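Peer 1: Mind looking at a prediction? Sequence and model below.
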Amino acid sequence: MQTLTLPGSGRRGPGINWLRGLVVVLAATAIFLPLFLIFYQSFLTAPFFMPAKQFGLDAYRFIFDDPDFSSAAKNALYLALGLTAIAVPLGGMLAFLMIRTDLPGKGFIAPALLVPIFVSPMVMGFGYVVAMGPVGFYSVWAKDLLGFIPWNIYSFTSIVIIAGLTHVPHVYLYASSALKSLGSDVEEAARVAGASPLQVMFGVSLPMITPALAYAGVLVMFLGFEVFGLVLVLGDPEGHMVLATYLYKLTNKLGIPSYHLMAAVAVCLVMVTFPLVMVQRYLLKSANKFVSIKGKGARSKVMPLGQWKWLAFALIFGWLMFTIIMPLSGIVLRSFVEYWGEGVRLVDVLTLQHFREILDQPSLVRGIVNTILIGVVGGALAVICYCAIALAMHRKPDMISRFLDYSVLVPRAVPGLLAGLSFLWVFLFVPNWLDGILQGMDNGVAVWLSENAIPVLRSLRSTIFALWLAYSVVWLAYGMRLISTALLQVGPELEEAARAVGASRGQVSRDVTLPLIKYGLLGAWLMVFLIFEREYSTGVYLLSPGTEVIGAMLVSLWASGSTDLVAALSFINISLVAIGLGVALRFGVKLHN
Amino acid sequence: MKRDLTMNELTVNDLHLDYGTGATANPILKGVSMHLQKGEVVALLGPSGSGKTTLLRAVAGLESPKQGTIAIGDRTVYDGARNFELAAEHRNLGLVFQSYALWPHKTVFDNVAYGLKLRKMGAAEIKDKVADVLKNLGLGHLAERYPHQLSGGQQQRVAIARALVYNPPVILLDEPLSNLDAKLREEARAFLRELIVRLGLSALMVTHDQAEAMAISDRILLLNNGKIEQQGTPQSMYETPETLFTAEFMGSNNKLPAKVVARDGNHVQLDVNGARLTGTARGASQAGAEPTTIIRVEEVKISATAVDNAIDMPLLTCMYLGDRFECLFKSPDSSAAGLRAYSKYKLEPGRYWLQMPADKLWVF
């Protein structure tokens, strides 16, 4: 019997994969061009669009001489360290209690734990102001009861504590997944030897997940350097600044856009975050060192806490109360009252006025629509892009894959605020630069391009595309992890089998790999939706008529003091996130890995 | 049967245990009773899914039974009627895990010392006791190593040392030898038996390997589907099984396509493909059901000449096992499984008489 050959087989050599090349070039451009601009700008003595600029270290000299900068840097360090010191032990203990013991109320604690991760820190910060600020709801009620307010949330210590407590869930996620894959036999051995649940936790469970805790520790320390919204809102009254808020305040410091100074601060911030991202990558590899997955230990009885049960529950409930219920209930209340202060009765001031006001302002309505669009449509497009990059790396262990593997981590080191700034520069700078080249070329095509293509490029800045690009690059590392987790589920032999029957690489991706990770991609879309709804800092510098999103508008409205609108927009933002979370929980999307 | 309860180190009475609750409840133990006396080694033997590990874990306090009682010495640790359950850490038992479950972040010394530290013993005393038990197990020179630096056999001994160091009244062993290589397993078996005898331990051991159970234990409890099928000394379990399940589980057997022709008390006249054989009825034979006839492989005697109580069959092949040959006999026209028998020497092809002593040919 004759062998059935593929049409055209035999003439195909190992040609260049153009599609892959295109993906790699586009990804590298989107990642490195903005970063390059920041570095370039930081070594100029004036903003890049000024004619009178030259290379120099003036920008660095200025910020290092500025006492505000050194105090902001010191605060940023204290915040990051304090946050880590609070979040890591609490997150580890919380994970142990949730995963291994008969803690009551686990069913409602588990989804509640995710709230601080998916609600924008800007919203959280605002929630604390309206709930526990000097005239916040809970402060006023506490004053009625006690005669004084037992807290001051504007002090730097309070900011550190709040930041620490709201980052507990990040540690919890990593600690709990490490605990789940830890065979329970080692814990049972300790119990049989006579250890109480608490002794098991400190003697065996937590030491055994040390690598995961170390990873989570570096992660939250990194997030600590990125904290922006919380300090912007809570640090303002007493003038506490961290590097990110210092950067934001620089805009107004000198009157003219002081881009070179901002770039210098940005470089300083990246110098801190980049090593932390690299350490994270290193730790993630060793994170599963101790973990042993045992088939037999899978079905294990939870540890009875005995008399500690209700104490543990009370502590966790207190944490939930402080980090979730109080700020969020504050926002909900504030968005439905006309005004609030001492001696005001809640029922007298209930109103829907703020929401009506939003509907009256076209820019705010556009912001809400844009926020939904960038989450749903932009999220889908971002997942498609992430998927293209992931497939360009999938099972091709060569230099290009390794380059991409490290490249996708780079945007992680650039906080959203900086990324937004650098994309603003890209859209301002690149058209000018191209225009300059084209005009210098002096031929028909160049003139036509200069007259027709450059204005289109310029106008991109004030479209939502600019925002989408910035969002997608900022969350590249996160999105890539979602996709690669899904890709890891596909057994290599399934793809090899398709190759063996004659499918090309492209056909394997299209006919085997992508159909198999379909549900993983849908889950990733939902997750990207959630983080795009939450994002606020990336849009701050890209905010212009047409690119409004709720997150960025919250920052600018807060600066102009419109508390009512901020409350109502925050409420809408929380609702969008809640819908996304509800869908995710309903369809059993894994919200973390 | 009258028993002095205070003599028992461990008493389990009518224990029931389900996995899951309500409609999805899956009964694992269906009323198991057992006891373990001081200085006695009892093996829980059974196929997978029989509930033997679950019983051990229930004794350790790692599974919650539904009803029944468990007592360690004269201390009740579980009483279903009173809804009382003592937490695992208060039961003072030693448990050796199948996977050893050594703590990878602690040295051998710290692994063993942990139980003593929890008992608030002084540092010097801990050092003496740990050194003592490590020496007893031949691990004296390995105290500063980490578990991953040890061989499988050494890890197992550390796990045993960790369970023994605080002198628990009963030591529980969950498939202690199953993680070792076949060669190492026989050495470890001898070591374990020697250790138990030398230290006078009371031990409850789970295993699915009947040879291991018979070699190490004083008494075997054979579990089948959540119930005790039969219990007794290894010898009585092997030589006088009361049920077909026990007979089949405890050794290698030949099953004969025999029909009962006549019964006279325990003596049964059988017909195997036309040949007449005499067998012995065992256990309570079920009325109506066709009885099963089996004989241990090693009880079949091969003879080149006609002998009493035998059937003749042609040799199919011989398998060399090292110390002997296992020979397979099968009639070419018969669809039934052949018969196996051991031979000291390799047999020439041909027909042989397979003699089956009447007292070893069991009819259930």
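Peer 2: Yes, it's here.

Peer 1: lowest-confidence helix or strand of the chain?
Peer 2: In the absence of a named chain, this looks at chain A. Within chain A, no helix or strand scores below helix A:492-500, which has a mean of 78 by mean pLDDT, DSSP states H and E.

Peer 1: right idea, wrong chain: chain B
Peer 2: Here the helix or strand of chain B ranked lowest by mean pLDDT, DSSP H and E is strand B:258-264, holding a mean of 83.

Peer 1: ok, which residues in chain B are in contact with chain A?
Peer 2: Within chain B, the positions near chain A by Cβ under 8 Å from any Cβ of the partner chain are B:19, B:60-64, B:87-95, B:97-99, B:101-105, B:114-115, B:118-119, B:159, B:162-163, B:166. In short, each C-beta sits where N, CA and C put it, glycine included.

Peer 1: buried stuff in the biggest helix by length in chain A?
Peer 2: In chain A, taking DSSP state H as the definition, the longest helix is helix A:67-100. Using 16 or more other Cβ atoms under 10 Å in any protein chain shown as the burial criterion, the residues of helix A:67-100 that qualify are A:69, A:72-73, A:75-80, A:82-84, A:86-88, A:90-100.

Peer 1: and the helix or strand following it, what does it pack onto?
Peer 2: Taking DSSP states H and E as the definition, the helix or strand that follows helix A:67-100 towards the C-terminus is helix A:106-113. Packed against helix A:106-113, as judged by 3 or more Cβ pairs under 8 Å, 6 or more residues apart in numbering or on different chains; DSSP states H and E, are the following elements: helix A:67-100, helix A:309-320.

Peer 1: Do I have it right that A:I162 meets A:V231?
Peer 2: No: using Cβ atoms under 8 Å, A:I162 is not in contact with A:V231, being 9.9 Å away.

Peer 1: Looking at these two, which is more packed in?
Peer 2: A:V231 (28 against 25; other Cβ atoms under 10 Å in any protein chain shown).

Peer 1: so what secondary structure elements neighbour the helix or strand harbouring that one?
Peer 2: In this assignment (DSSP H and E), A:V231 forms part of helix A:229-234. Helix A:229-234 makes packing contacts with helix A:121-132, helix A:156-166, helix A:243-253, helix A:550-560 when contacts are defined by 3+ Cβ pairs under 8 Å, 6+ apart.

Peer 1: Looking at the last one now, give me its mean pLDDT.
Peer 2: When pLDDT is averaged along helix A:550-560, the result is 88.

Peer 1: List the buried residues of that helix.
Peer 2: Under the neighbour-count rule (16+ other Cβ under 10 Å), helix A:550-560 has A:550-555, A:557-558 buried.

Peer 1: Tell me the buried residues in the least confident helix or strand of chain A?
Peer 2: Neighbour counts using 16+ other Cβ under 10 Å place A:495, A:498 of helix A:492-500 among the buried residues.

Peer 1: Buried among the residues of chain B next to chain A? Make that a PyMOL selection.
Peer 2: In PyMOL, selecting the buried portion of those, with burial taken from 16+ other Cβ under 10 Å, looks like this:
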select buried, chain B and resi 60+61+62+63+88+89+91+92+93+94+95+97+98+99+101+102+103+104+105+114+115+118+159+162+163+166
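
Peer 1: Tell me which residue of the stretch 201-350 of chain B lies closest to chain A.
Peer 2: B:V206 (11.9 Å; Cβ to the nearest Cβ).

Peer 1: Please list all residues in contact with that residue.
Peer 2: Listed by Cβ atoms under 8 Å, 6 or more residues apart in numbering or on different chains, the contact set of B:V206 reads B:43-44, B:52-53, B:55-56, B:172-175.

Peer 1: Secondary structure element holding it?
Peer 2: Taking DSSP H and E as the definition, B:V206 sits inside strand B:203-207.

Peer 1: Could you do A:G506 as well?
Peer 2: Secondary structure here is read from DSSP H and E; on that basis A:G506 sits in helix A:505-508.

Peer 1: for that helix, which positions count as buried?
Peer 2: In terms of neighbour count (16+ other Cβ under 10 Å), helix A:505-508 has its buried residues at A:505, A:508.

Peer 1: For chain B, give me the ranges with low pLDDT.
Peer 2: Counting by pLDDT under 70, chain B contains low-confidence residues at B:1-6, B:284-289, B:334-336.

Peer 1: The least confident helix or strand of chain A - contacts with which helices or strands?
Peer 2: For helix A:492-500, the packing partners by 3+ Cβ pairs under 8 Å, 6+ apart are helix A:505-508.

Peer 1: Touching the next helix or strand after the helix it packs on from outside, list them.
Peer 2: On the C-terminal side of helix A:505-508, the nearest following helix or strand under DSSP H and E is helix A:514-516. With Cβ under 8 Å, 6+ apart as the contact definition, helix A:514-516 has outside contacts at A:387, A:489-490, A:494, A:521.

Peer 1: Pull the most distant pair out of these.
Peer 2: A:C387 and A:L494 (17.5 Å; Cβ to Cβ).

Peer 1: buried stuff in stretch A:204-224?
Peer 2: Residues of stretch A:204-224 classed as buried: A:204-206, A:208-224 (neighbour count, 16+ other Cβ under 10 Å).

Peer 1: and it, anywhere near chain B?
Peer 2: Yes: Stretch A:204-224 is in contact with chain B by Cβ under 8 Å from any Cβ, via A:204, A:207-208, A:210.

Peer 1: picking that back up, okay, angle between the longest helix of chain A and helix A:243-253 too, please.
Peer 2: With axes from the mean of the first three to the mean of the last three Cα atoms, to 10 degrees as the criterion, the two stretches helix A:67-100 and helix A:243-253 enclose an angle of 140 degrees.

Peer 1: near chain B, anything from helix A:67-100?
Peer 2: No: Helix A:67-100 is not in contact with chain B by Cβ under 8 Å from any Cβ; minimum separation 12.7 Å.

Peer 1: Determine the set of other helices and strands touching that helix.
Peer 2: Under the contact rule (3+ Cβ pairs under 8 Å, 6+ apart), helix A:67-100 is packed against helix A:106-113, helix A:156-166, helix A:168-180, helix A:206-208, helix A:210-226, helix A:243-253, helix A:259-286, helix A:309-320.

Peer 1: can I get the ones you listed in JSON lines with mean pLDDT?
Peer 2: As requested, these are arranged in JSON lines below (pLDDT from 0 to 100):
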{"stretch": "helix A:106-113", "mean pLDDT": "86"}
{"stretch": "helix A:156-166", "mean pLDDT": "94"}
{"stretch": "helix A:168-180", "mean pLDDT": "89"}
{"stretch": "helix A:206-208", "mean pLDDT": "89"}
{"stretch": "helix A:210-226", "mean pLDDT": "89"}
{"stretch": "helix A:243-253", "mean pLDDT": "83"}
{"stretch": "helix A:259-286", "mean pLDDT": "85"}
{"stretch": "helix A:309-320", "mean pLDDT": "92"}
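
Peer 1: Need the contact partners of the helix holding A:V231.
Peer 2: Residues external to helix A:229-234 that are found in contact with it (Cβ under 8 Å, 6+ apart): A:75, A:79, A:120-126, A:128-129, A:153-154, A:158-159, A:162-163, A:166, A:240-242, A:244-245, A:248, A:536-537, A:555, A:558.

Peer 1: so how far is that helix from its chain's centroid?
Peer 2: Averaging C-alpha coordinates over helix A:229-234 and over its chain gives two centres that are 16 Å apart (Cα atoms, centre = their mean, to the nearest Å).

Peer 1: returning to what we had before: closest one of the buried residues of helix A:550-560 to A:L114?
Peer 2: Comparing these against A:L114 with Cβ to Cβ places A:G551 closest, at 18.6 Å.
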